[in-house]
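Trainee: When you get a sec, could you give me coordinates for this:
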Amino acid sequence: MDSSHSLTDAADATDSLDEYDLDESSSVDDGTLEPDRFLDRELSWLAFNQRVLELAEDPALPLLERANFLAIFASNLDEFFMVRVAGLKRRILTGLAVPTNVGRAPVEVLDLVSAKAHELQERHAQAFRTLVKPDLDAADIHIETWADLDDADRVRIDEIFSTQIFPVLMPLAVDPAHPFPYISGLSLNLSIRVRSPKNGKEEFARLKVPQNLPRFVQLPDDKSGLLRFIPLEDLISNHLGDLFPGMEILEHHEFRVTRNEDLEVDEDESDNLLKALEKQILNRRFGPPIRLEITDDMDEVTLGLLMSELDITEQEVYRLPAPLDLGGLFQLTKIDEPKLKYPRHVPTTAVALLPSEPNATPNIFASIAKQDILLHHPYESFSTSVQAFLEQAAADPNVLAIKQTLYRTSGDSPIVEALIAAAEAGKAVLALVEIKARFDETANINWARKLEKAGVHVVYGLVGLKTHCKLALVVRQEHGVLRSYSHIGTGNYNPKTSRIYEDLGLLTASGTVGKDLTRLFNELSGYAIEKKFKRLLVAPLHLRKGLLKLIRIETENAKAGLPSGIRIKLNSIVDEAIIDALYRASNAGVPVELVVRGICSIRPGVEGLSENITVRSVLGRYLEHARIFSFHNNGDPQVYIGSSDMMHRNLDRRVEALVRLTSPAHLAELDQQFDLALSDETSSWWLESDGSWTRHHLAEDGSRLQDLQNVLMKQVSQRKRSSSR
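Mentor: Residues are numbered from 1 along each chain as shown. Okay, here's the model as predicted:
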């Protein structure tokens, strides 16, 4: 998906779904905390996707953005089934007795998840049919059915079908000579039952709706001024006579299968990790089915055949009104109707990176040498900061070496091109490419090979660990001395997602940070085991321990009557040890304020457990992706930003890095961001102790509360203008 207005994309929407946690609880329970103190992570994730759906249902949001949120909901749910539900089913089938984070058996959780998923999918379909589609019609954007077309329309669309669609179609018969065909995951299909007029015999056929054609076919202009579309499968369904000439069409219905698309690669047994992973990617589409979506008018004979052949249970069947696969609504975001989209936001160049003279060429190294620079994307431009930093490094003859981690990047990445240019210019370049980044494996393998061909030293991290940290280190010779310039971020080195993901990054010439990164890169590419870092907290060895220590200090300060406070912003928090420490801090009187986009297993506001804990969630045009950890520390704030969420996989099975901020201006800026996100005047969702989320977006007089992202964009743009005078 390539939309400048998207909340997320298929890979990162469900960042918290990256792999199934089979760990035992990280908590050391001393019996002082009540047993029923965690919220179920699967249901919490579904609650996150419900918040996305609520944005689609909001009539005050721009119409095409609402359609986009419907598509995001569908894409999110697809990946939830492919990863999380698949993981639950695998646990059940293999007999793994490891309970979930709340102590439930996997079969019990699967039942709860299934019930909630059925409810949300039906609500999602109704939101399209009764809320968004009527508003699209009113805006002269019509998604028609075949029955809506008049004779003139049908003549024009017949021509489109015969010349642009019919040659691509491949109907597959099912009979003794043709076994039931393999149904690939997430493909949209037509089930067709036909009867021969010669012998009256009924037959079954499957027709895959081509995925390389537009999901909605635009009807020819009829001079009405309307934009009109028809779903591709509806168009095909009404031309089945061309595909089965001489046969009587008895029934035809849409269906869609979701499969387990989790990858399992044993790194210890794989001599060539790239080849092993490529093989698994090819096998991915052959995973077992875990969901069957059908149109609600499907006949029982067809349904029985599909369930039997796919080995699907009744619980895994989702009956929905047509059209299925509303992820196709992403196509509508390409419609050029600015008034139906969010107002355009133009990122600014960070003030600290602006040249002293208006027409001068920016010197990023000189700017960083003056002071640490805190970047806030997408309000501040990625291309004129991080991208420019690496491009200047590649072109600068004084730069001797560049080291960087790559987790996800774009298909035409200028970051990768800069690394290639640097290597070709004779610089020493190290790229740590994480080829196990879910659903980006193929792209990352391709980048790895391209980098290797250009002479870049490519490594794939440590066995058994994903490298998720966002790090870049540039070594530059200045006056006979080597100086390090570093970037540590919360988001990927991806120029495209940087326009729609909210992230933070630190550019610094700190020698301390430079030494920390040098040691960390040596550990990732060689055999060094560095246990001490000065300004970094690094997982899996020290991150959890470091955060627990910081929480414990706040707890002890509160008990001693000293000022205390914890503020954390992140995507997801599930880790029991961290949560228990926050509960104990709350019981000691520490105000704990969390801003969580996705999964949250904490129960706030429970008497005797979490009276001092509040949780907010902010969703909007940008995907809130930054991770911030702020501790009052009796007036000497300890504030970190970085790549890690509070999940088992982040703390135990990934290389993650947080960096401590030291600039008073940066600390004040992040404190202001927390104030804004947590304000009762800001639109957000509030987490209740029972796990439900309540949306607070209207004031008592019915007016809209302020939008955090709009406020920040305005503040940053004004900062630039006032500094440029």
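Trainee: Next up, phi/psi of residue 429, please.
Mentor: When quoted as degrees, to the nearest 10, the phi and psi of residue 429 stand at phi -130, psi 130.
Trainee: So it sits against residue 421, correct?
Mentor: No. The pair residue 429 and residue 421 fails to qualify as a contact (CB atoms under 8 Å) at a distance of 9.4 Å. Yep, even glycine has a C-beta here, placed from its N, CA and C like the rest.
Trainee: For the residue lying closest to residue 289 once chain neighbours are set aside, the count of nearby residues, please.
Mentor: Computed as CB to CB, 6 or more residues apart in numbering, the closest residue to residue 289 that is not its neighbour in sequence is residue 310, at 4.7 Å. The local packing count at residue 310 equals 19, with neighbours defined by other CB atoms under 10 Å.
Trainee: now the one 10 residues further on
Mentor: Neighbour count for residue 320, taken as other CB under 10 Å: 20.
Trainee: And residue 385, by the same measure?
Mentor: For residue 385, using other CB under 10 Å, the count is 25.
Trainee: what about the nearest residue to residue 629 once chain neighbours are set aside, distance to residue 398?
Mentor: Of all residues not flanking residue 629 in the chain, residue 640 sits nearest, at 4.5 Å (CB to CB, 6+ apart). Applying CB to CB, to the nearest Å, the value for residue 640 to residue 398 is 31 Å.
Trainee: for residue 374, same thing?
Mentor: 25 Å.
Trainee: Compare neighbour counts for these two and give me the winner.
Mentor: Neighbours of residue 374 and residue 398, each counted by other CB under 10 Å, are more numerous for residue 374; the result is 21 against 12.
Trainee: Tell me which helix or strand that one sits in.
Mentor: With the criterion set as DSSP states H and E, the secondary-structure element containing residue 374 is strand 373-377.
Trainee: what kind of secondary structure is residue 520 in?
Mentor: Applying DSSP: H, G, I helix; E, B strand; the rest coil to residue 520 yields a three-state assignment of helix.
Trainee: so it touches residue 467, yeah?
Mentor: No. Contact status for residue 520 versus residue 467: not in contact, 10.1 Å apart, counting by CB under 8 Å.
Trainee: So which of those two has more stuff around it?
Mentor: Counted by other CB under 10 Å, residue 520 and residue 467 do not tie: residue 467 has more neighbours, with 25 against 22.
Trainee: give me the beta-bridge partners of that one?
Mentor: residue 655 (DSSP bridges).
Trainee: quick one: contacts for the residue nearest to residue 289?
Mentor: When contacts are counted by CB atoms under 8 Å, 6 or more residues apart in numbering, residue 310 touches 183, 257, 289, 292.
Trainee: list the buried ones in the helix or strand hosting the second one?
Mentor: Taking DSSP H and E as the definition, one finds residue 257 inside strand 248-259. Neighbour-count burial for strand 248-259, with 16 or more other CB atoms under 10 Å as criterion, is recorded at 251-259.
Trainee: picking that back up, which one of the contacts of residue 310 is nearest residue 368?
Mentor: Closest approach to residue 368 among the contacts of residue 310 (CB to CB): residue 257, at 51.1 Å.
Trainee: Which helix or strand lies directly C-terminal to the worst-scoring helix or strand of the chain on mean pLDDT?
Mentor: In the chain, the helix or strand scored least confidently by mean pLDDT, DSSP states H and E is helix 273-284, which has a mean of 47. Where DSSP H and E defines the elements, the next helix or strand beyond helix 273-284 is strand 289-295.
Trainee: With that, I have no additional questions.
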